[in-house]
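*Asks:* got a structure for you, letters missing:
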């Protein structure tokens with residue numbers, strides 16, 4: 001038997017959750033995608049993918065993003 005998260009049952013995958021929370025955090029911080037990219041050493045294209053495709057960054061980048069948005073990593 002496979003375990004399924006409530007988000008999956010409700011139509012939201014972990015990628016959708018990350019995409020939504022990442023965008024909310026960036027907008028709440030009132031910074032552009034380009035500014036996020038520069039601050040964490042990534043391309044703007046990568047940041048766009050986080051918000052549109054729900055691509056999840058590597059652990060080290062997650063830590064930088066969490067610090068930038070003053071969040072704990074589980075909140076992203």
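*Replies:* Structure's in. What do you need? This one's a predicted model, so the numbers in the text were calculated from it and none came from an experiment.

*Asks:* quick one, grab the pLDDT at residue 44.
*Replies:* With respect to pLDDT, residue 44 has a value of 95.

*Asks:* if I look at it, how far off is residue 37?
*Replies:* 5 Å (CB to CB, to the nearest Å). Placement of C-beta: from N, CA and C, glycine included.

*Asks:* now for residue 48: which residues touch it?
*Replies:* residue 33 (CB atoms under 8 Å, 6 or more residues apart in numbering).

*Asks:* just the pLDDT for it.
*Replies:* With respect to pLDDT, residue 48 scores 94.

*Asks:* now the element after whatever helix or strand it lives in, going C-ward?
*Replies:* Using DSSP states H and E, residue 48 sits in helix 44-52. Later in the chain than helix 44-52, the nearest helix or strand by DSSP H and E is helix 59-68.

*Asks:* tell me what that following helix is packed against?
*Replies:* Counting contacts by 3 or more CB pairs under 8 Å, 6 or more residues apart in numbering; DSSP states H and E, helix 59-68 packs against helix 14-29, helix 33-40.

*Asks:* nearest to residue 70, of the ones you listed?
*Replies:* Evaluated with CB to CB, those place helix 14-29 nearest to residue 70, the distance being 8.3 Å.

*Asks:* and residue 41, how many residues sit next to it?
*Replies:* Residue 41 is flanked by 10 other residues according to other CB atoms under 10 Å.
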